[in-house]
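Undergrad: After the sequence you'll find the predicted model.
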Amino acid sequence: MKTPKDFRDFLAVRSIVEVRFPRAHKYWDDCGKLIETLETRVNGVTCAGLDAKGFNFVGSDSCPILGARFFWDRVLIEQQSGVSPRKFLESAEEFWRLSALGLGVGHVAGVGHRLWYLLKSEDKKEAEDWLQAQRVWSSVADLGGTPSNDGVVLRAHLTDRSLRLEIGVADVLIRQDRKLTGVLMDTDFTSRKKQPVDSLDLDVFGNENLTWLKHRLHQVIQQ
């Protein structure tokens, strides 16, 4: 394995956005109408049913959304594999905006954006050996501990959000028939800023996170 030179050396594996808000009691009254609106306006999504976590949606193969869910206090949307992150964020913003309108959401309590990026290896042994030679692992050893391939967690406060970054060796299921091994960079951007619903743009929030990763992610792991 080689140390990444830039963001293009990472394989995008997973992307999920989640918005939380105070309980929207219209959830109990207008779900049928909201489901119809989402299936009509968000191209390729279909409601797959209801469980204890809310109404679940699945996306067609051509849809940027793999799956989504709305409940009375949150909306969660996951990206389809192989889709442009920016196309996904456009669709996610549309799904969120329609859900917020249908549920009568007035304020947002928090928003999160979790992304997985993988540096591929031939096997776990190669990934473990490579990772142990990196600066972040040496820093853990300097503290008197033993670095663990289960993961090292780094946290940072950015200008208007927080970042949690976990680095470790993992097997990642890309599709049902494809599994990859390597060093997984599990990044989680969160903001707990309470704000009016109209001031949150998921597309903008997500693209700001992608810009940070593009310029910074490869610098985290250096020899």
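TA: Looks like it arrived, so ask away.
Undergrad: per-residue confidence at the spatially closest residue to Gly206 that is not a sequence neighbour?
TA: In this structure, Gly206 finds its nearest non-sequential neighbour in Leu89, 4.1 Å apart by Cβ to Cβ, 6 or more residues apart in numbering. The C-beta positions use only the backbone N, C-alpha and C, and glycine is treated the same way. Note for Leu89: predicted pLDDT of 96.
Undergrad: And for Thr146?
TA: 63.
Undergrad: for the chain, what spans make up the helices?
TA: Applying DSSP state H to the chain gives helices spanning 31-41, 85-103, 124-132, 135-142, 202-220.
Undergrad: tilt between the first one and helix 85-103?
TA: Computed with axes from the mean of the first three to the mean of the last three Cα atoms, to 10 degrees, the direction of helix 31-41 lies at 150 degrees from that of helix 85-103.
Undergrad: likewise the third one?
TA: For the pair helix 124-132 and helix 85-103, the angle between their directions (the same axes, to 10 degrees) equals 90 degrees.
Undergrad: Tabulate the CA atom coordinates of helix 124-132 in PDB.
TA: In PDB, the C-alpha atoms belonging to helix 124-132 read as follows (Å, rounded to 0.1, in the frame of the first residue of the first chain):
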ATOM      1  CA  LYS A 124      -5.900  -7.400   6.300                       C
ATOM      2  CA  LYS A 125      -2.300  -8.100   7.100                       C
ATOM      3  CA  GLU A 126      -1.100  -5.600   4.400                       C
ATOM      4  CA  ALA A 127      -3.500  -2.900   5.800                       C
ATOM      5  CA  GLU A 128      -2.400  -3.600   9.400                       C
ATOM      6  CA  ASP A 129       1.300  -3.400   8.600                       C
ATOM      7  CA  TRP A 130       0.900  -0.200   6.600                       C
ATOM      8  CA  LEU A 131      -1.200   1.500   9.200                       C
ATOM      9  CA  GLN A 132       1.200   0.700  12.000                       C
END
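Undergrad: Quick check: mean pLDDT of it?
TA: 86.
Undergrad: What helices and strands are in contact with it?
TA: strand 162-175, strand 178-191 (3 or more Cβ pairs under 8 Å, 6 or more residues apart in numbering; DSSP states H and E).
Undergrad: Is it possible to get those strands out as TSV so that each row also shows mean neighbour count, mean pLDDT and distance to Tyr117?
TA: Conversion of the helices and strands packed on helix 124-132 to TSV gives the following (neighbours: other Cβ atoms under 10 Å; pLDDT from 0 to 100; distance: least, Cβ to Cβ, whole Å):
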stretch	mean neighbour count	mean pLDDT	distance to Tyr117
strand 162-175	16	88	10
strand 178-191	18	92	4
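Undergrad: Quick one: low-confidence residue ranges for the chain.
TA: For the chain, the stretches flagged by pLDDT under 70 are 135-151, 175-176, 222-223.
Undergrad: And the residue nearest to Gly206, how far from Phe95?
TA: Separation of Leu89 from Phe95 (Cβ to Cβ, to the nearest Å): 11 Å.
Undergrad: tell me the domain boundaries of this structure?
TA: 1-17+107-223, 23-105 (automatic domain parsing).
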